[in-house]
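1. Structure for this input, please:
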Amino acid sequence: MSEENTSPSNDISQETVRALEAILLVAMEPVDPTLLSQLLEISIASVEGLCERLANAYEEAGHGFQLVKVAGGYRFQSHHDVASYVERFVLDSQQARISSAALETLAIIAYKQPISRGQIAAIRGVDPDAVMRTLQARGYITESARDDGPGQAVLFGTTPLFLERLGLESLAALPPIADFVPDAAVVEALEQGLRITPQAE
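-> The predicted structure follows:
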């Protein structure tokens, strides 16, 4: 890969390009562009431009990995086209599965945050303490604030790890919740289809 294809400007050396790749290769989490700017001694705009050009170059070359921006930082990840091969490599026993109850709770927190345990319980209709402890232990949610009302209940929100696992840059990238809610016509059709009409004697 030539410097001409990867550098956002002429003052970005090939050594800087290689240094950026090396840092992202060993990083365990997405690396903030501000930190990359400090490490590489170039402007944040140059970091952003370089990462964009590298990402495009990798995509055009057809590599099995991508350079993406998630949770506010940059990282390498496997390309979605080769996901089936990666899934074969990762053993089922190594994957920590999350229960449907935990997924429901996580979805509520993601869309309604900041939110208290009581509010989550009211939405789900069950005590969420156990699943919330699991989500906290895995680093997906955290205490984010205190309610101004009586008792000053602890409010919860999602973490950067949550965004990283979903491959999102920010919460604004979550799909609109309306996409998962049927419109009034669908609800009415379901209601009519399930309605039992008493038969006359």
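2. how close does the closest residue to S78 other than its chain neighbours get to H63?
-> Once flanking residues are discounted, S78 sits nearest to V86: 5.0 Å by C-beta to C-beta, 6 or more residues apart in numbering. The way it works is simple: take the backbone N, C-alpha and C, and place the C-beta from them, glycine included. Remark: distance between V86 and H63 (C-beta to C-beta, to the nearest Å) = 14 Å.
3. hang on, the earlier thing: help me confirm that the residue nearest to S78 is found in a helix?
-> Yes - counting by DSSP: H, G, I helix; E, B strand; the rest coil, V86 falls inside a helix.
4. Helices of the protein, start to end?
-> 3-6, 14-26, 33-40, 44-61, 83-89, 100-112, 117-124, 129-137, 160-166, 184-194 (DSSP state H).
5. With respect to those, which exhibits the lowest mean confidence?
-> Lowest mean pLDDT within the helices of the chain: helix 3-6, a mean of 42.
6. Neighbours of the residue nearest to K69 when sequence neighbours are not counted, how many?
-> Closest residue to K69 apart from its sequence neighbours, by C-beta to C-beta, 6+ apart: E169 at 5.5 Å. E169 has 14 neighbours, counted by other C-beta atoms under 10 Å.
7. Ok, which of the helices of the chain comes nearest K69?
-> Between K69 and the helices of the chain, the shortest gap by C-beta to C-beta is with helix 44-61, which sits at 7.1 Å.
8. burial count for P175?
-> 9.
9. wait, I meant R88
-> If we define neighbours as other C-beta under 10 Å, then R88 has 8 of them.
10. measure it to R117 for me?
-> For R88, the distance to R117 equals 40 Å [C-beta to C-beta].
11. Then D127?
-> Applying C-beta to C-beta to D127 and R117 gives a distance of 8 Å.
12. ok, back up a step: next, format the helices of the chain as a markdown table and append distance to R75.
-> Below are the helices of the chain laid out as a markdown table (distance: least, C-beta to C-beta, whole Å):
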| stretch | distance to R75 |
| --- | --- |
| helix 3-6 | 17 |
| helix 14-26 | 6 |
| helix 33-40 | 11 |
| helix 44-61 | 10 |
| helix 83-89 | 15 |
| helix 100-112 | 21 |
| helix 117-124 | 30 |
| helix 129-137 | 22 |
| helix 160-166 | 8 |
| helix 184-194 | 39 |
